[in-house]
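Asks: sequence unavailable; structure follows:
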């Protein structure tokens, strides 16, 4: 659940991942049929608000991305495509980018979208909340004429990084006339957004669903094909499976049902399951150490924690094989930046015990070295099971564990605001571009109290900060890659936060739903092009 | 002699006898859980989702993580009974104190005590329990306190009614004229006479507390460090279409225990309620 936030940036590279690319299946046949209501759900809970300016996790990203639009998006083939921007090009020194804004776009309340809205969104929403960590070098934005804006940076900014920022899932263009003069975080419009996308907000029945209706004035001809889009929240995977089976829900993204039900439902021939559509948002289940606890001062202690845990067991048992052990903060489907050449913390309880002994934590008379509070974020049911296993694994090496599995709001508060944990099991989703979505979990500027899915461990290392700063400004792709490899080596050895497993996300859809899973981050796509076969 | 009379009356109710025997079995299970299954019941010990009987080592099968269901049921009996008994003790303590004071003193004490009780009665119990648990955190102690807090009102009303009918009897007046203190009259004179129906009610609160705890655990707010039956049902719910036994086994255990506690409550009522004597 989580995370969402992070995906925000994506960047780069190549999109192709191991999951994709193999089959030529596309989920569209024939000409689009107009009309109809699509009911969708996802494998998590209801968001805290329909739109959260700072991201706020996948749940608000899912609900807001159907209403709001970004300047650009990344296609399945890895190329960038303009949405509210028509084109962009860097200056010779890479310190400024000129962006042409699409004309004739109207907000849902009938007002024109202008460069003023773009300037406002970038300075007041992006820079302050949505993609703040991608805009640390940002020097300002100007609008020289009615369809042009110029982004200015203090340092050279790689083109790929810039385009990735435009494509960040929460880097929306919001209406200035609604947000100006208010605190965007608490603006009531966040729960009934006015935006430019193919869907117009109609109502939010809390505890049940969002209802969106077709935007008749949408700038893209013909879209959306459907008349209505309902996003329904069902707390329980078994309940989602039953609703899909009954035909009440047509599509579920991000693991809507339990693995045994995926097999059962696809066997009926009425449903298809696909891992496509998650290439720019690869999820993981992570374990992080709260550096504020002096026990974790030595990195050997942190390594020992990871040595004590059998990640393969988690992948096979908790996730029924729809996961693989994580080895690096950059995930293995990332062809651009992933390296296997990292510091390894394989499952080895004896080594873990030896490391803890050497670090000055021998077993005491009660058989325990020390006792930790393990918080497993309750937004995914699997997290509770991972927590139960991690508790056992750590108790086996003599670490006492008090496990808590709070609900979503309490988990977010305790991990990212109160820092009230010693070890936390959370989740994140990252795009190919590591800056800032991956790096902000490790850099000092990622320590933002109260902002979810950032550096909650409190890890702060000047070497890492410097390295990330150089990754940010390196415009030569080969050199940049080498720097990212080095980042992975340091982080895996330092181990403040590491993925336990990388998740293979699944979309389950009725065979009637056409054109789905056609975006490398399908959960955050606009869904204007979806249609229902009769 | 009187004791045998009591047992005789109790066992005249066959259902109560069966209930008491089964409760005894559950209590023994709880008492000797660590003897039968010395390791932590939440340990992963085998393949996940083994059906009952599939592997003789795990007669009731394993759950979705590979934990032994039999071991969790036996250890869960301990957690479940402890929660029931302590929650009932908390509820009885609060209920008898409030009820006795209200019934004995009357006047504004009665007024305040009963208004507070009504306030508690108007709040849906389960929601109140969940709220308390979410605010205080999901630990065993907090769950016990939360259940005790929502369950004391019927006991308070019952105690008050008994006190009202007893406080002006001759033997109480005799005590008063002897100069006995209020506290002594309440504790040593009236309470023993008021207690039988309260005991019956307390035994029913135990059953109610088990159901509350199951609901809390089912919703994922139970203490994750403790094996309780409700939690087992909650964990298995996701797999209800494929491995229904994970929900069914602890569900049956809860059902039998609660049913037996109710039967025992009926038996106690027969045995303790003088009006029904020799019915």
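Replies: Structure received. Since the model is a prediction, treat every value here as computed from it, not as a measurement.

Asks: what is the burial count for the residue of chain A at minimum distance from chain B?
Replies: Across chain A, the shortest distance to chain B (CB to the nearest CB) belongs to residue A:260, at 4.2 Å. Bear in mind the C-beta positions are built from the backbone N, C-alpha and C, glycine included. Residue A:260 sits with 17 neighbouring residues when counted by other CB atoms under 10 Å in any protein chain shown.

Asks: isn't it right next to residue A:267, touching?
Replies: No: counting by CB atoms under 8 Å, residue A:260 does not reach residue A:267; the two are 11.0 Å apart.

Asks: sticking with the residue of chain A closest to chain B, tell me its helix or strand.
Replies: Per DSSP states H and E: residue A:260 is located in helix A:259-266.

Asks: burial check on residue 219, number of neighbours?
Replies: Chain wasn't specified; assuming chain A. 18.

Asks: that was the other one, I meant chain B.
Replies: 16.

Asks: then residue A:228?
Replies: Other residues close to residue A:228 by other CB under 10 Å number 16.

Asks: quick check: it touching residue A:212?
Replies: Yes: here residue A:228 reaches residue A:212: they are 6.9 Å apart, a contact under CB under 8 Å.

Asks: what about residue 131, how many neighbours?
Replies: No chain was given, so I picked chain A. Residue A:131 has 26 nearby residues by other CB under 10 Å.

Asks: ah, no, chain B please
Replies: Summarising burial for residue B:131: neighbours were counted as other CB under 10 Å, giving 13.

Asks: can you tell me the element it falls in?
Replies: helix B:125-136.

Asks: would you mind listing the buried residues in the very next helix or strand once past that helix?
Replies: Counting by DSSP H and E, the next helix or strand C-terminal to helix B:125-136 is helix B:140-166. By 16 or more other CB atoms under 10 Å in any protein chain shown, the buried positions in helix B:140-166 come out as B:140, B:142-160, B:162-164, B:166.

Asks: quick one: residue A:152 is in a helix?
Replies: No: under DSSP: H, G, I helix; E, B strand; the rest coil, residue A:152 falls outside any helix and is assigned strand.

Asks: okay, buried residues for the helix or strand hosting residue B:217 please.
Replies: If you go by DSSP H and E, residue B:217 is part of helix B:191-218. In terms of neighbour count (16+ other CB under 10 Å), helix B:191-218 has its buried residues at B:191, B:194, B:196-198, B:200-218.

Asks: contacting residues for the nearest residue to residue B:113 once chain neighbours are set aside?
Replies: Spatial nearest neighbour of residue B:113, excluding adjacent residues (CB to CB, 6 or more residues apart in numbering or on different chains): residue B:102 at 3.6 Å. Residue B:102 sits next to B:109, B:110, B:113, B:114, B:156, B:160, B:163 when contact means CB atoms under 8 Å, 6 or more residues apart in numbering or on different chains.

Asks: what's the helix or strand for the second one?
Replies: Translated: residue B:110. Assessed by DSSP H and E, residue B:110 sits inside helix B:107-122.

Asks: could you list the buried residues of that helix?
Replies: Within helix B:107-122, judged by 16+ other CB under 10 Å, the buried ones are B:110, B:113, B:114, B:117, B:120.

Asks: nearest to chain A, out of those: which one, please.
Replies: Nearest to chain A, judged by CB to the nearest CB, of these is residue B:120 at 24.6 Å.

Asks: isn't that closest one up against residue B:152?
Replies: Yes: at 7.5 Å, residue B:120 counts as touching residue B:152 under the criterion of CB under 8 Å.

Asks: what is the longest helix seen in chain A packed up against?
Replies: Of all the elements of type helix in chain A, the one with the most residues (DSSP state H) is helix A:477-494. Contacts defined by 3 or more CB pairs under 8 Å, 6 or more residues apart in numbering or on different chains; DSSP states H and E place helix A:477-494 against helix A:299-307, helix A:462-473.

Asks: check which helix or strand residue 27 maps to.
Replies: No chain specified, so I'll use chain A. Here residue A:27 is assigned to no helix or strand, by DSSP H and E.

Asks: let's do chain B instead
Replies: helix B:14-31.

Asks: close to chain B: what parts of the stretch 151-300 of chain A are there?
Replies: A:236, A:237, A:238, A:241, A:258, A:260, A:261, A:264 (CB under 8 Å from any CB of the partner chain).

Asks: got the buried residues for the one helix or strand the third one maps to?
Replies: Residue A:238 belongs to helix A:237-245 when assigned by DSSP H and E. Taking 16+ other CB under 10 Å as the basis for neighbour counts, the residues of helix A:237-245 that come out buried are A:237, A:238, A:240, A:241, A:242, A:243, A:244, A:245.

Asks: name all residues that make contact with the nearest residue to the last one once chain neighbours are set aside.
Replies: When you say that, I think you mean residue A:245. Using CB to CB, 6+ apart and skipping the chain neighbours, the partner closest in space to residue A:245 is residue A:265 (6.5 Å). Residues near residue A:265 by CB under 8 Å, 6+ apart: A:241, A:244, A:245, A:257, A:271, A:273, A:508.

Asks: thanks a lot, see you next time.
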